[in-house]
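Enquirer: When you get a sec, could you give me coordinates for this:
(one chain, ligands or ions: 1)
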Amino acid sequence: MSDDEIDVELEARLEEQEEFEPPEAFVEQANVSDPAIYDDFEENWPDEWERAADLLDWEEEWDQVLDDSNEPFYEWFVDGKLNAAENCIDRHLDERGDEAAIEWVGELGETRTYTYRDLHREVNEFAAALREQGVEEDDVVSMYMPMIPELPIAMLACARIGAPHAVVFAGFSADALAERMNAANSEYLVTVDGYYRRGDPLQHLEKAREGLDKVEQDATTIVVDRLGDDSEIDPLPEERDYDELVEAHSGETVDPVTRDAEDMLFLMYTSGTTGKPKGVKHTTGGYLSYAAWTSHAVLDVKPEDTYWCSADIGWITGHSYIVYGPLALGTTTVMYEGTPDYPDKDRLWEIVEDYDVTQLYTAPTAIRAFMKWGTEYPEQHDLSSLRLLGTVGEPINPRAWKWYYKHIGNEECPVVDTWWQTETGGMMITTLPGISNMKPGSAGPPLPGISADVIDPSGDPVEAGRAGHLVINKPWPGMLRTLYKNDERFIDEYWDEYSIPERDQWVYFPEDGAKIDDDGYITVLGRVDDVLNVSGHRLGTMEIESAIVGVEGVAEAAVVGGDHEVKGEAVYAYVITEDGQEESDALRDEIIEAVEDAIGPIARPEQIIFTPELPKTRSGKIMRRLLEDIADGNELGNTSTLRNPDVVHDIQQKVHGD
Ligand code: PRX
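Expert: This is a model prediction of the structure:
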């Protein structure tokens, strides 16, 4: 068949919503290929979850799989004891000591390989150094680092000594760092002098210091030297140098601290409806079991693989599927520091070819960019080592799915479209690549043992094909246990909003809209709260709005997400200025700067629209839906219920100039 004919055929299958069967060669070797697994979990719930826990080594076995006596504060693998670093490193030493644990590819083309033995050595040395710096069990250690090997090393060193880590995405601003360190009362920070972007050094330490100035408690700071001579910033006397510390503890080992299954492994801040980020608490036993299990069942990870997740470790995807899941299974995990289009747009494909990457897990926003750049880039490389493709972070449109399936996977790799969240710890809704048919655009059925529904506002399941709210009906091992030091907010945010008394159970609300097909496949439509998803990055509209209204001359602001061809969503900021304030480019620049200072460049508004008024209901609520429709250039429905319907036309004109 010619390329054109294949195109026509694929197009037809997509239009008919035809399903794609998993490739036979894949099924034959898949970690999970028996469909009975769904029934097994159903019939033997929750005990079947021992399958996940059994992927780990436990110092003491659990007494009970699930304790649900204090809903929704569920506990998993009760009284089990283990150490996460020991599971991710030590237990692989005998068989895989000389195999690569981490293959790191730097922005400048440098590479580093850490075997499991290398990783063991450096994690131990850094764990000893952290202890010497005063870190004790349960102290929260913050990290503000880009994609360099010292980041997973520091995370695992913390795990070894039972100190939870709290990683802050390096692209976040100084203020965002300070806010998170203050919220976690964290007295330790591991950061870096800088890193490279498109070949140029980026001085990160400046930003870290600016953040530290706003941290209320004293914080011991350890700085990794990434830039060498390219660093423009001299170290301060009180800052510790990572290399010197590791050197000073050369050859030392630290016994892995025995942790209870329910002890906190890490804290990760994520955006919610209000302006304050939520500190999501994940545990040692349940989270690690879940990350390992989903890596095994969905990503089909085997020890001999070279597996690559192109996310950033600063987000949950990197925690679960660059660090904990793959290393728990003893495989080789690839880490790439740079961007996909530097030095050229074939960078990712070059890495796939060079390392014989077997699985690639990336985001729809990246796939849409690859599509735009064209097929000539992947065509320059041999991608035949790939066995499985995955996506995460936002809905994938069938066109992008098809492109990925065909031009990257050569129609020989299953594509798993995995729905999950920071809070869920790991994947929840996706096809199992060795079992299920794939339907482009639809994530698939809930994983075995996961119970999901789509309901209407009164709590009844919606009819097939209709939109509603996604809910998860049963607990699962990887679930967040609470919001750090805020049990009340944990209940308010996730559990009690629409509790369904007649079901006599707690229901978890992920705040996503979805539809469910007759066959139980779920298509996730996007957030139903005031959270945006820009290039797969989760941002709170309130956080952006509060940065904007802090600018002198701004009276009010409303931020919404507008459709964007590559980013999925883009930030649209509607701004009302104070009387007498000129609507100038200078003010626009100040607004952008304020957003970048409060959050980071990822939250930068695509468009700032000055408007004399915001469309409001008679009760004074801003009509965000309408502002989204205006941004997207959609037909507007009935606006007569607005208190100020005339404003709509003015705003439309400002956005589209027509
Ligand atoms: O809206 C959903 C979207 O990303 C949100 C979670 O964002 P975050 O906590 O940052 O975690 C991202 C990585 C797991 C969800 O509420 N989302 C994630 N995966 C998908 C998705 N939307 C549709 N399809 C997906 N596969």
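
Enquirer: mind checking the SS state of Asp579?
Expert: coil (DSSP: H, G, I helix; E, B strand; the rest coil).

Enquirer: where's it relative to Gly553, distance?
Expert: 10 Å (C-beta to C-beta, to the nearest Å). C-beta here means a position set from N, CA and C on the backbone, and glycine is covered the same way.

Enquirer: what about the two, which has more around it?
Expert: Between Asp579 and Gly553, counted using other C-beta atoms under 10 Å, the more crowded position is Gly553 (17 against 6).

Enquirer: was I right about the more buried one contacting Leu587?
Expert: Yes. Look at Gly553 against Leu587 with C-beta atoms under 8 Å: they come within range, at 5.9 Å.

Enquirer: pretty sure Lys515 belongs to a strand, no?
Expert: Yes. When three-state DSSP is applied, Lys515 is found to be in a strand.

Enquirer: sorry, back to before: quickly list what's touching both of Gly553 and Leu587.
Expert: Counting by C-beta atoms under 8 Å, 6 or more residues apart in numbering, the residues touching both Gly553 and Leu587 are 577, 581.

Enquirer: Which of the helices or strands spans Pro152?
Expert: Assessed by DSSP states H and E, Pro152 sits inside helix 150-161.

Enquirer: So which elements touch that helix?
Expert: Here helix 150-161 is seen to pack against helix 84-88, helix 116-132, strand 141-144, strand 165-167, strand 188-192, strand 264-270 when contacts are counted using 3 or more C-beta pairs under 8 Å, 6 or more residues apart in numbering; DSSP states H and E.

Enquirer: Sheet-wise, list the partners of the third one with their directions.
Expert: The reference is to strand 141-144. Sheet pairing of strand 141-144 (DSSP bridges) gives strand 165-167 (parallel), strand 188-192 (parallel).

Enquirer: List the buried residues for the helix or strand following the first one?
Expert: Toward the C-terminus, strand 165-167 is succeeded by helix 174-184 as the next helix or strand (DSSP H and E). Of the residues in helix 174-184, those buried by neighbour count under the rule 16 or more other C-beta atoms under 10 Å are 174-181, 183-184.

Enquirer: Is it possible to get TSV of those residues that adds pLDDT?
Expert: Below are the buried residues of helix 174-184 laid out as TSV (pLDDT from 0 to 100):
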residue	pLDDT
Ala174	98
Asp175	97
Ala176	97
Leu177	98
Ala178	98
Glu179	97
Arg180	97
Met181	98
Ala183	97
Ala184	97
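
Enquirer: Pipe these into JSON lines and attach distance to Glu125 per row.
Expert: Listed next are the buried residues of helix 174-184 as JSON lines, based on distance: C-beta to C-beta, whole Å:
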{"residue": "Ala174", "distance to Glu125": "29"}
{"residue": "Asp175", "distance to Glu125": "33"}
{"residue": "Ala176", "distance to Glu125": "30"}
{"residue": "Leu177", "distance to Glu125": "26"}
{"residue": "Ala178", "distance to Glu125": "29"}
{"residue": "Glu179", "distance to Glu125": "31"}
{"residue": "Arg180", "distance to Glu125": "27"}
{"residue": "Met181", "distance to Glu125": "25"}
{"residue": "Ala183", "distance to Glu125": "30"}
{"residue": "Ala184", "distance to Glu125": "25"}
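
Enquirer: Serialize the strands paired with strand 141-144 to a markdown table and add fields for distance to Asp356.
Expert: Listed next are these as a markdown table, based on distance: least, C-beta to C-beta, whole Å:
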| stretch | distance to Asp356 |
| --- | --- |
| strand 165-167 | 29 |
| strand 188-192 | 30 |
